[in-house]
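Engineer: With the sequence up front, the predicted model follows.
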Number of protein chains: 2
Amino acid sequence: MSISEIAAAAQSASNRLAAIETDIKNRALARIGEALRQRSVEIVSANEEDLAVAEKDRLAAPLLKRLKFDREKIDQVVAGIESLIALDDPVGRTIAATELDAGLELHKVSCPIGVIGVVFESRPDALVQISTLCLKSGNAVLLKGGSEAAQTNRILTDVIAEASEEAGLPAGWIQLLQTREDVAAMLALDEYIDLVVPRGSNEFVRYIMNNTNIPVLGHADGICHVYVDGDADLEMAMNVAVDSKCQYVAVCNAAETLLVDSKIAGEFLPRVKTTLESKGVELRGCARTEEIVDVTPAGEADWSTEYLDNILSIKVVDGLDAAIEHVNRYGSGHTDAIVTANKDTAERFMALVDSANVFWNCSTRFSDGFRYGLGAEVGISTNKIHARGPVGLEGLVIYKWKLLGSGQIVADYSGPNPKKFTHRKISE
Amino acid sequence: MSISEIAAAAQSASNRLAAIETDIKNRALARIGEALRQRSVEIVSANEEDLAVAEKDRLAAPLLKRLKFDREKIDQVVAGIESLIALDDPVGRTIAATELDAGLELHKVSCPIGVIGVVFESRPDALVQISTLCLKSGNAVLLKGGSEAAQTNRILTDVIAEASEEAGLPAGWIQLLQTREDVAAMLALDEYIDLVVPRGSNEFVRYIMNNTNIPVLGHADGICHVYVDGDADLEMAMNVAVDSKCQYVAVCNAAETLLVDSKIAGEFLPRVKTTLESKGVELRGCARTEEIVDVTPAGEADWSTEYLDNILSIKVVDGLDAAIEHVNRYGSGHTDAIVTANKDTAERFMALVDSANVFWNCSTRFSDGFRYGLGAEVGISTNKIHARGPVGLEGLVIYKWKLLGSGQIVADYSGPNPKKFTHRKISE
């Protein structure tokens, strides 16, 4: 099948998925969990083929670790599926209801988006998480995983497709794309595909965003800030800064820049320097930072750099508004934190910083679907529309307006002596 | 100023707008209403200049009517502003709140989108409606109206900017673009502009959608259907079909295709032909329609044509699923109605038809922000994400995640003996 035919089949399946009952979706999820366990020998064996190739190609150790999909990983994804079954169906929820007139009721009801294209890294567990989130939310999904996981992705897709079709889901709702050319072809199919979710490197996400008319949900950079205000508890500020930078440096919600209020810079910077350097972090400071502590000078480019490494840029700012201005200018709208004991200061920071996640007195590393209690996440979005921050099930639905009448026509509500609308809110 | 400078100024204003209190926004709206009345002589005189040019250019009568902005129109928009003041502020609403752990609370809070670019037809009242909706929702706005209304748009923008700045709004939150080249320049500024709302012809909306990486909210076609089911009350079906087609033919929610269940086609088609032809509607039918009544033959292109005129295509279909398939294949996802006395049939139609507005036993012409009770609308969206159908205030906001802690770090929630998240829903 061509990519266009694959996408058309997905759209056709998605039209049917929209009306499938919660019970059938949950049964399909349960069946997928069983099938993953039953066919674990095959799955692990396919993964071992991928791992053998990856080792031969000298893939870095952290990437090999992510690629590995053994019995333990299968148990983890099955546990994830069980949690997903327990969650409420995000589809069919009445968001609002209004009586427009006697016998004319308007219901705003949640429904699936349609067909979602997801391009993700070489992590087979991501395939299971994303596809089961799409299933629960009634969306068809086109998947393209990292080529290093080709064999594992192939068998996982087959297992999920077969198990879910046995449970009554329409064929074609889940399909795997094979090549980069397939992804490029998919990006042109705005007729069939309603949303693209790219995960991976900044360059890759930017490439997707710049090469499609399909809406894209995701984030390129994660340039996150911690601002230590003049009214901060400095011990707390130290803990938050260290955790935000060091707890896991290679992720989008790790801090890249520390902003320090000039009021406490003299006291705070020497302490934070000692601690961060003891953890192997290289510090790059602005001129005012350099006056207080001995660090590498930071250049203009540092404020816009996502290091994803043991490097932190530091800037001394004159209070809250300068900090907010820096974050809005150089940040990526992902996650930014303030440490302060002053509630008004914190509230102003959280209102004025234009980011998906704005934190007060806690680490930037908390911005994550699991920690937020959303269940698994499809990704983190720095979009300004639809869904922002960690995107779970709720980000995979939209709504439609259902108007239930008894023969009403607009001519009766216009012209001379028009009937009047009541616009009475209907409580659930 | 260049368009880039204008957009940067709007973004800067939008950052401040995000934290402006409801009272100040409402005071600004009230001040705008007063100023429009106080300066009505100037406004009407500017509009008369536009009208004089338009008459010289022999603009069609309906367009002249839309362009006219007299005392009566001013009264109408001021009444609209008063209704808007009465509406709840869509910003700052807590959508959900979860305790992640003791002293660590997550709040999902509505906030403005940022900077919105709106391109609209030559209707000065649209300028007032759109800009005041943006103000109430805390968004900065770049406006480009039809060039026929240039003088009127200029003075209206000045009046709104001055009045709102007097009330405390940041300068630059509302700015007028002058030319088509300005619009083209705006479409490249995804760095500053968060959403584009194009209103106007299909070709124009498509041009916008195909020429920007900024998310676009709107609709190109409005190919709306009425399906008369075998279980319909035929008198009701006739009324709904006639109103959907004839009540106002030049609008996006008017019906373009009538689908008739083969079970009742023999009885219904002769009646509907007589009535619609008496109202001057030209009928174009499929081969099966032609077997029953004498109509112009419909070609394949008719099913995808938005006539916006006194023309209706008619197709005989074998029941519900064939009707749904036709609508999903040829429709534009705007508004589609079924007439049937069977509730299950109606529910299946509304679940499976993938349109923003799905109606049962009422006219397609009801899909409109005012009729829905949303207040004024920015436009109607056939998008599958963010906002669908008539878009009022709620479509102009998004949310951010605020996490309020007391020094928590992620390291404590990972590794050996991790702290556990409580994920307890906080009720309002």
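Structural biologist: Everything's here; your move.
Engineer: From now on I want contacts and neighbour counts done on CA atoms only, so please keep to that.
Structural biologist: OK.
Engineer: Would you tell me which residues of the stretch 151-300 of chain A are close to chain B?
Structural biologist: A:194-195, A:209-210, A:213, A:215, A:236-237, A:239-240, A:243-244, A:247 (Cα under 8 Å from any Cα of the partner chain).
Engineer: Show me these that map onto strands.
Structural biologist: Members of these lying in strands (criterion: DSSP state E): A:Leu195.
Engineer: Which of the residues of the stretch 151-300 of chain A next to chain B fall in helices?
Structural biologist: Among those, the residues falling in helices (DSSP state H) are A:Met209, A:Asn210, A:Met236, A:Ala237, A:Asn239, A:Val240, A:Asp243, A:Ser244.
Engineer: Give me the buried subset of the residues of the stretch 151-300 of chain A next to chain B.
Structural biologist: A:Asp194, A:Leu195, A:Met209, A:Asn213, A:Pro215, A:Met236, A:Ala237, A:Asn239, A:Val240, A:Asp243, A:Ser244, A:Gln247 (16 or more other Cα atoms under 10 Å in any protein chain shown).
Engineer: Ignoring the adjacent residues along the chain, who's closest to the closest residue to chain B within the stretch 301-428 of chain A?
Structural biologist: As assessed by Cα to the nearest Cα, chain B sits closest to A:His386 within the stretch 301-428 of chain A, at 3.8 Å. Taking Cα to Cα, 6 or more residues apart in numbering or on different chains, and ignoring the residues beside it in sequence, A:His386 has B:His386 as its nearest neighbour in space, at 3.8 Å.
Engineer: Please state the backbone phi and psi of that neighbour?
Structural biologist: phi 70, psi -70 (degrees, to the nearest 10).
Engineer: so who does it touch?
Structural biologist: A:Ile385, A:His386, A:Ala387, A:Ile398, B:Gly395 (Cα atoms under 8 Å, 6 or more residues apart in numbering or on different chains).
Engineer: What's the separation between the second one and B:Thr274?
Structural biologist: Relative to B:Thr274, A:His386 is positioned 47 Å away (criterion: Cα to Cα, to the nearest Å).
Engineer: show me where the stretch 101-250 of chain A has strands.
Structural biologist: Remark: strands assigned in the stretch 101-250 of chain A by DSSP state E, counting those that start in this stretch are A:104-112, A:115-119, A:140-144, A:174-176, A:195-198, A:224-228.
Engineer: For the shortest one, give me every contacting residue.
Structural biologist: In other words, strand A:174-176. A:Ile6, A:Ala10, A:Ser131, A:Ala140, A:Val141, A:Leu142, A:Leu143, A:Lys144, A:Asn153, A:Arg154, A:Thr157, A:Ala161.
Engineer: The same query, at a cut-off of 7 Å, please.
Structural biologist: Identification of contacts with strand A:174-176 by Cα atoms under 7 Å, 6 or more residues apart in numbering or on different chains yields A:Ala140, A:Val141, A:Leu142, A:Leu143, A:Lys144, A:Thr157, A:Ala161.
Engineer: OK, contacts around the first one?
Structural biologist: Counting by Cα under 7 Å, 6+ apart, A:Ala140 touches A:Ala10, A:Ala13, A:Ser14, A:Gly114, A:Val115, A:Ile116, A:Cys134, A:Trp173, A:Ile174.
Engineer: isn't the first one right up against A:Trp173?
Structural biologist: It stands for A:Ala10. Yes - between A:Ala10 and A:Trp173 there is a contact under Cα atoms under 7 Å: 5.2 Å.
Engineer: any idea which helix or strand carries the residue nearest to A:Asp70 when sequence neighbours are not counted?
Structural biologist: Nearest non-adjacent residue to A:Asp70, counting by Cα to Cα, 6+ apart: A:Val44, 5.5 Å away. In this assignment (DSSP states H and E), A:Val44 forms part of helix A:40-56.
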